[in-house]
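Chemist: When you get a sec, could you give me coordinates for this:
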Amino acid sequence: MGGSSPCASCKLLRRRCAKDCIFAPYFPSDDPHKFAIVHKVFGASNVSKMLQEIPVHQRVDAVSSLVYEANARVRDPVYGCVGAISYLQNQVSQLQMQLAATQAEMICIQMQQEPTLPTQLDQDDEKALLLAGSNNFMNNIPQHFNFASTSNVIQDPLKRESLWT
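Modeler: Okay, the predicted model is just below:
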């Protein structure tokens, strides 16, 4: 920062904060814990190298990600933020199952509350439905089916002779 108070990085590392300090814009002196945790997990040299490789307009997001990952690594040294993501995915899955069960229960309750339809038809109505259904079925059979012949002989249409003898 040059002149004013040094950034959190330079304070922690006990060095003079240069005017072009790469840490100064992202680790202000009023939040020393932010750099301390990143330094503990990644190391100041590695963080410096990462920030130099990233375009300036993306560095704020990169520092935010580093802080998040460092905090996650301190809480869970083995899995880090992947452990948190896995936990949240598991929670979402459990909530989806609860939602499906609740929706199914709601459907059952709705079906129980609906009035039931009459289940018995008059015999005349039943016969009329059967006849109408069978006529409709026969009318929908494609015309290229020919059921006129009852023989079990298959003929080749080009040779006009029997394939079975």
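Chemist: If we go by neighbour counts, what in the longest helix along the chain is buried?
Modeler: The single longest helix within the chain, with elements called by DSSP state H, is helix 81-113. For helix 81-113, burial by neighbour count (16 or more other Cβ atoms under 10 Å) applies to Cys81. Just so you know, the C-beta spots here come from the backbone N, C-alpha and C atoms, and that holds for glycine as well.
Chemist: now do stretch 34-45
Modeler: For stretch 34-45, burial by neighbour count (16+ other Cβ under 10 Å) applies to 34-39, 41-42, 44.
Chemist: Among these, which lie within helices?
Modeler: Of the buried residues of stretch 34-45, the ones assigned to helices by DSSP H are 34-39, 41-42, 44.
Chemist: list the helices and strands the longest helix of the chain packs on?
Modeler: Contacts defined by 3 or more Cβ pairs under 8 Å, 6 or more residues apart in numbering; DSSP states H and E place helix 81-113 against helix 59-75.
Chemist: What angle do helix 81-113 and the helix it packs on make with each other?
Modeler: Going by axes from the mean of the first three to the mean of the last three Cα atoms, to 10 degrees, helix 59-75 is angled at 90 degrees with respect to helix 81-113.
Chemist: surely Ile54 meets Ala62?
Modeler: Yes - counting by Cβ atoms under 8 Å, Ile54 touches Ala62, with 5.1 Å between them.
Chemist: Who are the contact partners of Ser9?
Modeler: Contact analysis of Ser9 by Cβ atoms under 8 Å, 6 or more residues apart in numbering lists 17, 21, 23-24, 27, 35, 39, 44.
Chemist: what's the closest of those to Ser86?
Modeler: Checking the contacts of Ser9 against Ser86 with Cβ to Cβ, the nearest one is His39 at 26.6 Å.
Chemist: Let me see the contact set for the closest one.
Modeler: His39 makes contacts with 9, 12-13, 47, as judged by Cβ under 8 Å, 6+ apart.
Chemist: which phi and psi does the closest residue to Ser29 other than its chain neighbours have?
Modeler: Of all residues not flanking Ser29 in the chain, Ser5 sits nearest, at 4.7 Å (Cβ to Cβ, 6 or more residues apart in numbering). As for Ser5, its main-chain torsions (degrees, to the nearest 10) stand at phi -70, psi 150.
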